[in-house]
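Please find the sequence and the predicted model below.
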Amino acid sequence: MKEQYGDIKVTQLPGFVVQCEIDRPPNNFFDLALIRDMADCFDELDEAANCRTIVLCSNGKHFCAGANFGTADQKAEGDVLAAESADQRNPIYQEAVRLFGNKKPVIAAVQGAAVGGGLGVAMMADFRVVCENTRFTANFVKLGFTPGFGLTHTLPRAIGIQKSHLLFYTGRRINGETALEWGAADVYCTADELREKAVELATEIAENAPLALISLRQQLRGELQEAVQRATDVEGREQFWLTQTEDHFEGIKAVAERRAGNFSGK
């Protein structure tokens, strides 16, 4: 097991727990390289006898603040959310699909913001530990396009159709307490306790028979990877044309300027 996969730092903890830390502070924006490195890391941990559970965490203010749409010259980076053609699968979502096929349970320790695709990363995990400064938002419509990273499947699976639709249509954010109440999170604690509580849950799971854990997870999530593949095929196709609209460029500008978008439907 390597200690580093790109910007993913790997630490062996006691009790068959491995910590994988996203190290792009303070916002931990994601891109194709980050998701690919995470998938490569998880693939190797699948074969590691000293890993039975994974704690996914981040170094910085936010767990993952999505893709970086903050400036005009970041638009090219943002375009990683769209394939090169309407017929091509989105490369970043293909790496995301890999993550849903791994064997070991994942506990995400979510501080600060999990935004857009960052929320998708959090929802990939089996369990989420949150705190008083956690906030979840699927703000895609505010950016002039639609959800990705399989969220159209994973979020309703966790919190139900109506609550998911409410978040998708409004782009509103929810705090850690609401995430726990709605079923998007499993443990609520203080920010100072966040990693400790995530490791506690990971250790509690890792105490059990490893082959049984892998079998159980396969039974519980057996068709999840295929469902996410179908979801991301549609998501990527819709994002392809929406990211070329005037509304998308206005949405990026509006979010960066912290104001409501002046959308024209073009």
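Received it, and whenever you're ready, just let me know what you need.

Low-confidence regions, the stretch 1-150 of the chain specifically.
Low-confidence regions of the stretch 1-150 of the chain, defined by pLDDT under 70, span residues 70-86.

Now with 50, please.
Applying pLDDT under 50 to the predicted model, the residue ranges of the stretch 1-150 of the chain that meet it are 71-80.

The residue nearest to residue 44 when sequence neighbours are not counted: how many residues sit nearby?
The shortest distance from residue 44 to any non-neighbouring residue, by CB to CB, 6 or more residues apart in numbering, is to residue 1 (6.3 Å). C-beta coordinates here come from the backbone N, C-alpha and C atoms, glycine included. For residue 1, the tally of surrounding residues (other CB atoms under 10 Å) stands at 15.

Can you verify my assumption that residue 1 contacts residue 10?
Yes: the pair formed by residue 1 and residue 10 meets the contact definition of CB atoms under 8 Å, at 6.4 Å.

list residues touching both of the two?
Residues touching both residue 1 and residue 10 by CB atoms under 8 Å, 6 or more residues apart in numbering: residue 18.

Please enumerate the helices of the stretch 151-266 of the chain.
Using DSSP state H, counting those that start in this stretch, the helices of the stretch 151-266 of the chain run over 151-159, 161-170, 176-182, 194-206, 210-221, 224-242, 246-256.

if we can go back for a sec, mind checking how far the residue nearest to residue 44 is from residue 244?
Distance of residue 1 to residue 244, given as CB to CB, to the nearest Å: 42 Å.

same thing with residue 205?
Applying CB to CB, one obtains 44 Å for the distance of residue 205 from residue 244.
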